[in-house]
Each structure stands twice: as C-alpha cells, then as structure tokens.
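A.B. asks: Okay, predicted coordinates and the sequence, questions at the end:
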Amino acid sequence: MTISPVAERLLRWFDQHGRHDLPWQQNQTPYRVWVSEIMLQQTQVSTVIPYYEKFMVRFPDVQALAMATQDEVLQHWAGLGYYARGRNLHKAAQVIVAEHDGEFPQDIERVQQLPGIGRSTAGAILSLSSQQRHPILDGNVKRVLTRHQAIDGWPGQTAIEQQLWQLAEQFTPQNRVNDYTQAIMDLGATLCTRSKPACLLCPVQSDCEGFKQGKPTAFPVSKPKKTTPVKTTTMLLILNDANEILLEKRPPAGIWGGLWSLPECDGDAAQWVEQQLGLNVIEEECWPPFRHTFSHYHLDITPQILRLTNTHTARVMEGRETNWYKAGHANNIGCAAPVTKLLASLRQHLEGATS
C-alpha cells in the first residue's frame, strides 16, 4: 500500500517537531501505554504527567495494579476526574491477570473486551506499544480530520463518525504506524488546537479544506448545546469530640463512585444526624456555598460543620460504609476533589481555632 501524502508529511513533521520525551514513550510496554491512554482520555498531557509518574511508581506493572485495593487505586487517581476510568483500569488489570496470565492481550477484539477500552483506545495501545496497524479516532484526531476534510456535522453523529473512521483507516500507513499514531495525536494537541490553530506551521495545511475556506475553527461542528442543569446539596462536616470527621464511601457506580466523601443531605442537617446516627448536634456552622462543575451539570455545594458528643453511641448508617478519620489525616484515602478541598479548609479552621 502506497503511503498517503498526509501520513508522509505528518511523519516528516513528527521527526522534527513531535513529542519524543513523554514518560510513557520511555519503555513503551503495553501496560505503560495503556495506563497513559486511559489517563489522557479527556485530560491534557500537562495534567496527566505528574499523576502518571506517581501511579507508575506505586503500580509498576499489571500485577501490582490488580493486587491493589480499589481504594488505593482511586487515591492515586483523585484529582484526575472521571473516576470510572480508574475503576475500569483496576477491573481490567484483574481480568488481565486472571484470564490472560498477566500479559496484555495482543488481539484488538480481546483488548476491546477489557473494561473501559473502546476501539480507538485499543488501536492506540497496540499501535504505540506493539506497532500493530490500527486507526485511531480520539478527540484530537477527530478535530484534525474534520478540519482537513471540512466535514460538516457533529462528529458524535453515527454517519459522521463512520466517515471519520474511513478517513483514519485511509491515512494510517503500513509502516511506522506507532510514529504516525503519535504524530496525528501530537498535531491535534500542539498545532491543530480547538480555538487558535497554528495553521501556518501545520504540515498538512496545503490541502486542508478548512484552511482553504478560511474558517478552520468552524470544524468540527460543536455538539448542539443544552442548558447545563444546576443541582444543589449540603455536605456535612460532622465532627466528634475527638475532632474526627465522618466520611462515607460512595456507591461503586455514579459520580465519585468508590471514593470517600462527606455525607450529604437535602433538608435539616441536625435532624438528619439524629435520624441517621441517633445523636444530637451541639454546634452548627454554615460555610459559603461553592460550585463544582461536572461535564453535564453544575453542583452547588453548601458545607455545614456539625459538632457532636458521645459519638461512641452512634448508630451505623444502614447500607453505608462509614468511618471516622482524624481531620488532618483523611488525605491518605481516595476523596473527590471538592471533598479534599473542604477537608483542607476544615484542617485550617481547626488549627486556627486552637492557636
């Protein structure tokens, strides 16, 4: 198969200007590439690098990851967001150890059967780590292809996505597929960016239809907008007489699944404590609300400090996993970002009260 002009120019550009020193490009085993690809989903390289390096120190291979507890995995994931990625990474590691003798599968269909891995991620892992020829279609590649071909329509539509897969297949070369895969991802991340593409430096500018039309940022077409809903909750910072704080483990699925969080209520907090724990609140303090934004809604959080006594008589909250933690030591477990923020504020608050 003759190499496409797009691939030829991309590879020449990559040799001179591509990224060659990312942590996961050193010792490119399937495991190391897999972890990086999962972390890089919807997260920028600069954000991922410190998390990746810390993760690799603690979980240097798939066996170490599979043997860890979910709590420990999520502790190392906390702050990256989209926590289902961390849970699926842990589950997939256990599958690889149990069903594949600890070796990352080399068949793309089997790779796609692992939790949290779709067609594009599977192709990227196998092309980067094993030089197998598979097209990829992550967000950066979608942007490059839709601009280059001036494809009108939202890439999330089935027909548009099928067209993009055909182009990705057409442009992917037989040789140096690992370099090409990295090159087209690098192009989208460094030059063909969402808002300010550096078209004059682009190696495929000469036949880019979006550039020819003078409107590269018109592609890809944005997803039809919906009004972002706003939800509210009260997060309870419940302190006992030893200045320990009550945390509960979230259900395995859903927002912050598997992470430790603060109890939440929608009504009267003191009444909630009495009903759930069988205890009386002796002191209450409300903090100003703040907003935490997810991909599909805003969450307005009102923190409320509640002081209790005689917590040795507290009831167990039915159907919930809870624990009391020293207020200054709860950062050793996996917590969601706003919870970590509140715990840090609480620690400062308590230190200020005793100084």
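C.D. replies: Cool, got the structure.
A.B. asks: give me the low-pLDDT residue ranges for the stretch 251-355 of the chain?
C.D. replies: Across the stretch 251-355 of the chain, residues meeting the criterion (pLDDT under 70) sit at 311-319, 328-332, 354-355.
A.B. asks: before we move on, what about the stretch 51-200 of the chain?
C.D. replies: Of all residues in the stretch 51-200 of the chain, none has pLDDT under 70.
A.B. asks: Strands of the stretch 101-250 of the chain, residue ranges please.
C.D. replies: Counting by DSSP state E, counting those that start in this stretch, the stretch 101-250 of the chain has strands at residues 230-239, 244-249.
A.B. asks: Which among the ones you listed is found nearest to Thr293?
C.D. replies: For Thr293, the closest of the strands of the stretch 101-250 of the chain is strand 230-239, at 9.7 Å, according to Cβ to Cβ. C-beta coordinates here come from the backbone N, C-alpha and C atoms, glycine included.
A.B. asks: so how far is that closest one from its chain's centroid?
C.D. replies: Between the mean C-alpha location of strand 230-239 and the chain-wide mean there is a distance of 24 Å, by Cα atoms, centre = their mean, to the nearest Å.
A.B. asks: Likewise for stretch 333-345?
C.D. replies: Relative to its parent chain, stretch 333-345 has a centroid offset of 17 Å by Cα atoms, centre = their mean.
A.B. asks: Give me the contact list for it.
C.D. replies: Around stretch 333-345, the neighbours that count as contacts under Cβ atoms under 8 Å, 6 or more residues apart in numbering are 71-79, 81, 83, 235, 237, 245, 247, 250, 256, 258-262, 287, 290, 292, 299, 301, 303, 325, 327, 330-331.
A.B. asks: Out of those residues, name the ones that lie in strands.
C.D. replies: Here DSSP state E is the test, and those give 235, 237, 245, 247, 260-261, 290, 292, 299, 301, 303, 325 as lying in strands.
A.B. asks: Which of the residues you listed sits closest to Asp61?
C.D. replies: Of all those, Trp260 has the smallest distance to Asp61: 26.6 Å, by Cβ to Cβ.
A.B. asks: Tell me who's in contact with Val73.
C.D. replies: Each residue near Val73 by Cβ under 8 Å, 6+ apart is listed here: 59, 65, 86-87, 89-90, 334.
A.B. asks: Weed out the non-buried ones from the contacts of stretch 333-345.
C.D. replies: Among the contacts of stretch 333-345, those that count as buried by neighbour count (16 or more other Cβ atoms under 10 Å) are 72-78, 81, 83, 235, 237, 245, 247, 250, 256, 258-262, 287, 299, 301, 303, 325, 327, 330.
A.B. asks: Which helix or strand lies directly C-terminal to the strand or helix carrying Met56?
C.D. replies: Per DSSP states H and E: Met56 is located in helix 45-58. For helix 45-58, the following helix or strand on the C-terminal side (DSSP H and E) is helix 62-67.
A.B. asks: which other helices and strands contact that next one?
C.D. replies: Contacting helix 62-67 under the criterion 3 or more Cβ pairs under 8 Å, 6 or more residues apart in numbering; DSSP states H and E are the following elements: helix 84-99.
A.B. asks: list the buried ones in the helix it packs on?
C.D. replies: Across helix 84-99, burial judged by 16+ other Cβ under 10 Å covers 85-87, 89-93, 95-97.
A.B. asks: ditto for stretch 41-56
C.D. replies: 41, 45, 48, 51-52, 55-56.
A.B. asks: So which of these is the closest to Gln162?
C.D. replies: Proximity of these to Gln162 (Cβ to Cβ) peaks at Gln41, which lies at 21.2 Å.
A.B. asks: If you drop the residues flanking it in sequence, what lies closest to the closest one?
C.D. replies: Arg85 (6.2 Å; Cβ to Cβ, 6 or more residues apart in numbering).
A.B. asks: how near is the one you found to Leu246?
C.D. replies: Distance of Arg85 to Leu246, given as Cβ to Cβ, to the nearest Å: 28 Å.
A.B. asks: What are the contacting residues of stretch 259-276?
C.D. replies: 71, 74, 78, 83, 232-238, 245-250, 279-281, 284, 304, 306, 308, 315, 317, 322-323, 330, 333-336, 339, 342.
A.B. asks: Could you do stretch 193-207 as well?
C.D. replies: 5-6, 9-10, 12-13, 143-144, 147-148, 187, 190-192, 208, 211, 216-217.
A.B. asks: And stretch 284-296, by the same measure?
C.D. replies: Applying Cβ under 8 Å, 6+ apart, the set of residues contacting stretch 284-296 from outside is 42, 82, 228-229, 232, 255, 269-270, 298-307, 337-338, 345.
A.B. asks: Please repeat the previous calculation with a cut-off of 6 Å.
C.D. replies: Contact partners of stretch 284-296, identified using Cβ atoms under 6 Å, 6 or more residues apart in numbering, comprise 298-306, 338.
A.B. asks: For it, C-alpha coordinates in CSV please.
C.D. replies: Only the C-alpha atoms of stretch 284-296 are listed here, as CSV (Å, rounded to 0.1, in the frame of the first residue of the first chain):
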residue,chain,number,x,y,z
GLU,A,284,-23.6,24.2,63.8
GLU,A,285,-21.8,26.4,61.4
CYS,A,286,-22.5,27.1,57.7
TRP,A,287,-19.9,28.0,55.2
PRO,A,288,-20.5,29.9,52.0
PRO,A,289,-21.6,27.7,49.1
PHE,A,290,-19.3,27.0,46.1
ARG,A,291,-19.8,25.4,42.7
HIS,A,292,-18.3,22.2,41.4
THR,A,293,-18.8,21.6,37.7
PHE,A,294,-19.1,18.2,36.0
SER,A,295,-19.2,17.6,32.3
HIS,A,296,-23.0,17.5,32.3
